[in-house]
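Participant: this is a predicted model, with the sequence first.
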Amino acid sequence: MVVAAVAELWKHNEEIVTLLKNNYDLLIAAFLAVAATFLVSKAWSKGGARSIDVPGRLGLPFIGETLAFLSATNSFKGCYEFVNLRRSRYGKWFKTRLFGKIHVFVPTTEGARKIFTNDFSYFNKGYVKSMADCVGPKSLLSVPHESHKRIRRLLSDPFSMPSLATFVVKFDQLLSQRLARLARNGDSFKVLEFSMQMTFDAMCSMLMSVTEESLLREIEKDCTAVSEAMLSLPVMIPGSRYYKGIKARERVMERFSGMIERRRSGVESHEDFLQSMLAKDSYPSTEKLEDAEIMDNLLTLIIAGQTTTAAAMMWSVKFLNDNRDAQDRLREEQLAITRKKADGYLLSLEDINSMSYGLKVVKETLRMSNVLLWFPRVALNDCTVDGIEIKKGWHVNIDATCIHYDPVLYKDPLQFNPSRFEEMQKSYSFIPFGSGPRTCLGMNMAKVTLMVFLHRLAGGYKWTMDDLDLSLEKKSHIPRLRSGCPITLKAL
Ligand code: HEM
C-alpha cells in the first residue's frame, strides 16, 4: 500500500520526485520508522486491528458513579451487582469513574493475558494510601518492583513443599479436633466464623508458633481492624475505621517486635517461619529480610490468607450442599482414603495429592465463589488491551468473575460441576489466584487447606444447612453469605 501511494505521487508530482531523489536515505529511514512503529503498535495491541473507545458513563468529575458503587457494596447483593448492571447496559466492556479515577473492567482472557504478562512494566497495582499505611511500606503489597522480587523470593520458604507437608499435619490435627467437638455438641454453628478462626489459628501457628487462645484472639482482633481499614478514608480522626486500623497496626508491630527480640536473645525458639527468617541474620543483605520487612509481611500474609481461604471454605459447604451428586462423589473418594488408614490418622501431602476429585471440587468452588472478584491495576502509559483503548492513569480491573462465568469458556457456568476440570482449561480462563509476578504467594497453602477441610468434612460428616438465605454480607469486598452459612453436623 505504501509503495503504491509513493508510485502514484511519483507519477503526478515532479517536485516531490525531485525531493525524494535528493532525500532518498531520509525516505528509507522514515519508511523504516513508520513500519517499526506500526509493527510495535500492532504487537502491543496483539491482533487488535480495531482500537475501540470503551462505552460507559463517567458522571460528574471525581464523584462519577461512586455513590452507585457504594450503594451496591452496602446492599445484600454485593458490590459485583454494580458491575452486572453496567454490563447489561453497555455490554461486556464498560468504563466508569470511581473515587475520581476512571476504571475499565477487563472481561476477556486476552485482556487478562495482556495485563498479567506486563505487570510492573506497563501496569502496576494502584497505590492506595490507606492500604499501604495499614500493611506497611515494606509489605509485598506496597513495595516497588525490585524490592518486590527480592522480598517475594525470600518469603517463599513457608510455601515450599516440605513446609506445606508440616502445615498439612498441623492443620489436620486442629481441624479434626474442632469438627469432632462441634459434632459431639450437635449445635448449629456458622461455617464462616469457624473457618475464619481455623485459618487464623493455623497460620499463626505456622508463621510464629502462637497457639495460646487468648493471645490468638487479641492478635486476630487487631488484624481484623487493620484489614477493615485497608480501604478507608486515610484521615486520623479518632473513632474512624482508619484510625482504629492504624492503632491496631501499632499494637501488632509491637507484638511482632517483642517476639523477634525474645528469639534473638535466645529466650524463645521455635520451628516456624519467623525462626527461619531470623536464622538468616548473618547472611548478606540481599539474602535476608530486614526486621521491618519481616514484620510487615507477617501481617500481610495473615490478612491475605485468612479471609480468602475462610470464604472459600464457606462456599464449598454451600455448593456441596446444593449439589448432592458432587457431595456423594467427593465423600466416596475421601472414604476410600480413610479405609486405608489406622484410627486417629493424620493426612499427609501424598494423601492430598491422591484426591483428584477433591482438587476439582476446590477449583470449581474457587471458579464460582470468586473470593477476589477482580484484580486492580493502573495503566502506566496509553495502550490498548484486547483492542480497547486505555489511557495512561486509567484503572484496569481484571474481571476474574466475568471470565469465570463466561459461557463460551465454561458450559452452564452457573452449574457447580467439578468434573468440568477433567478438561484442559484455556489459558487465563481460570485465574482465582491471579497470574504473573503477583500470583498469589499462598496458592498452594490455600489449596491444601481446602483439601484437608473437604476430606474431614465430607469424609467424616453429613450436614444440614440451617439458613438458606442467599443474601450477601454488606460492605464486604469478598462475597460471603450474610448468614455465615450455619450448619449442623452429623457424624457418618
Ligand atoms: C482461597 C484462598 C486465596 C485466594 C482466592 C487468593 C487470591 C489471591 C490473588 C487473586 C492474588 C493476586 C491479586 C492481584 O493480582 O492483584 C493474591 C495475592 C496474594 N496472596 Fe492470595 N489468595 C488466597 C490465599 C492466600 C493465602 C493462604 C496466603 C498466605 C498465607 C496468600 C497470600 C497472598 C499474598 C502475600 C499475595 C500478594 C502477592 C504479591 O503481590 O506478590 N493468599 N491472592
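Facilitator: All right, it came through fine.

Participant: for the rest of this, base every contact and every neighbour count on C-alpha atoms.
Facilitator: Will do.

Participant: what does the stretch 1-150 of the chain put close to the ligand?
Facilitator: 140, 141 (C-alpha under 6 Å from any ligand atom).

Participant: pLDDT below threshold where in the stretch 1-150 of the chain?
Facilitator: In the prediction, the stretch 1-150 of the chain carries residues with pLDDT under 70 at positions 1-51.

Participant: quick one, helices of it?
Facilitator: Using DSSP state H, counting those that start in this stretch, the helices assigned to the stretch 1-150 of the chain run over residues 2-12, 14-22, 24-45, 66-73, 80-90, 109-117, 129-135, 145-155.

Participant: helices of the stretch 201-350 of the chain, start to end?
Facilitator: Using DSSP H, counting those that start in this stretch, helices in the stretch 201-350 of the chain cover 213-229, 241-264, 273-278, 291-322, 324-339, 349-353.

Participant: indicate which one of these is closest to residue 429.
Facilitator: helix 291-322 (18.7 Å; C-alpha to C-alpha).

Participant: close to the ligand, is the closest one?
Facilitator: Yes - counting by C-alpha under 6 Å from any ligand atom, contacts between helix 291-322 and the ligand involve 301, 302, 304, 305, 308, 309, 312.

Participant: number of nearby residues for the nearest residue to residue 57 once chain neighbours are set aside?
Facilitator: Closest residue to residue 57 apart from its sequence neighbours, by C-alpha to C-alpha, 6 or more residues apart in numbering: residue 96 at 5.5 Å. Close neighbours of residue 96, defined as other C-alpha atoms under 10 Å, add up to 23.

Participant: near the ligand, which residues of the stretch 201-350 of the chain?
Facilitator: 301, 302, 304, 305, 308, 309, 312.

Participant: for the fifth one, give me its contacts.
Facilitator: Read it as residue 308. 371, 372, 478 (C-alpha atoms under 8 Å, 6 or more residues apart in numbering).

Participant: repeat that for 10 Å
Facilitator: 196, 199, 370, 371, 372, 446, 478, 479 (C-alpha atoms under 10 Å, 6 or more residues apart in numbering).

Participant: buried residues in the strand or helix carrying residue 366?
Facilitator: Using DSSP states H and E, residue 366 sits within helix 356-369. Using 16 or more other C-alpha atoms under 10 Å as the test for burial, helix 356-369 gives 357-369.

Participant: strands of the stretch 351-492 of the chain, start to end?
Facilitator: Ranges of strands within the stretch 351-492 of the chain are 375-379, 383-385, 388-390, 395-398, 461-465, 486-491, based on DSSP state E, counting those that start in this stretch.

Participant: how about TSV for the ones you listed, with mean pLDDT added?
Facilitator: As requested, the strands of the stretch 351-492 of the chain are exported to TSV (pLDDT from 0 to 100):
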stretch	mean pLDDT
strand 375-379	96
strand 383-385	96
strand 388-390	95
strand 395-398	97
strand 461-465	97
strand 486-491	97
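
Participant: out of those strands, nearest to residue 102?
Facilitator: That would be strand 395-398 among the strands of the stretch 351-492 of the chain, by C-alpha to C-alpha, at 6.0 Å.

Participant: got the CA positions of that closest one in CSV?
Facilitator: Written as CSV, here are the backbone C-alpha positions of strand 395-398 (Å, rounded to 0.1, in the frame of the first residue of the first chain):
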residue,chain,number,x,y,z
HIS,A,395,-7.5,1.7,36.3
VAL,A,396,-7.9,-1.7,34.5
ASN,A,397,-9.6,-4.3,36.7
ILE,A,398,-9.0,-7.9,35.5
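
Participant: could you list the low-confidence segments of the stretch 351-492 of the chain?
Facilitator: Checking the stretch 351-492 of the chain against pLDDT under 70 turns up nothing.

Participant: ok so, going back, surely the residue nearest to residue 57 and residue 61 touch.
Facilitator: No - applying C-alpha atoms under 10 Å as the test, residue 96 and residue 61 come out as separate, 11.2 Å apart.

Participant: sorry, back to before: most packed of the helices of the stretch 201-350 of the chain?
Facilitator: Sort those by mean neighbour count, taking mean count of other C-alpha atoms under 10 Å, and helix 291-322 sits at the top with a mean of 21.

Participant: what mean pLDDT does that helix get?
Facilitator: For helix 291-322, the mean pLDDT works out to 97.

Participant: residue 99 touches residue 65, doesn't it?
Facilitator: Yes - when contacts are counted by C-alpha under 10 Å, residue 99 is listed as touching residue 65 (8.3 Å).

Participant: show me which of the two is the more surrounded one.
Facilitator: Of the pair residue 99 and residue 65, residue 65 is the one with more neighbours under other C-alpha under 10 Å, namely 20 against 14.

Participant: the more buried one and residue 98 touch, don't they?
Facilitator: Yes - when contacts are counted by C-alpha under 10 Å, residue 65 is listed as touching residue 98 (5.8 Å).

Participant: mutual contacts of these two, please.
Facilitator: 58, 59.

Participant: now stretch 407-425: buried residues?
Facilitator: Under the neighbour-count rule (16+ other C-alpha under 10 Å), stretch 407-425 has 410, 416, 417, 418 buried.

Participant: export it as CSV, just CAs?
Facilitator: Backbone C-alpha positions of stretch 407-425 (Å, rounded to 0.1, in the frame of the first residue of the first chain) are rendered in CSV as follows:
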residue,chain,number,x,y,z
PRO,A,407,-20.5,-19.4,28.9
VAL,A,408,-18.0,-19.6,26.0
LEU,A,409,-15.3,-20.8,28.4
TYR,A,410,-17.5,-22.7,30.8
LYS,A,411,-20.6,-24.6,29.6
ASP,A,412,-23.5,-23.9,32.0
PRO,A,413,-21.4,-21.6,34.1
LEU,A,414,-24.0,-21.3,36.9
GLN,A,415,-23.9,-25.1,37.4
PHE,A,416,-21.5,-26.4,40.1
ASN,A,417,-19.8,-29.1,38.1
PRO,A,418,-16.3,-30.1,39.4
SER,A,419,-15.9,-32.7,36.6
ARG,A,420,-15.6,-29.8,34.1
PHE,A,421,-12.0,-29.6,35.3
GLU,A,422,-11.3,-33.0,33.7
GLU,A,423,-10.7,-31.0,30.5
MET,A,424,-7.8,-28.6,29.9
GLN,A,425,-8.7,-25.0,30.5
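
Participant: next, the contact list for residue 71, please.
Facilitator: Here residue 71 is in contact with 78, 79, 81, 82, 474, 475 (C-alpha under 10 Å, 6+ apart).

Participant: again, 7 Å this time
Facilitator: Not one residue lies near residue 71 by C-alpha atoms under 7 Å, 6 or more residues apart in numbering.

Participant: with the one 10 residues further on instead?
Facilitator: Taking C-alpha under 7 Å, 6+ apart, we find residue 81 in contact with residue 72.
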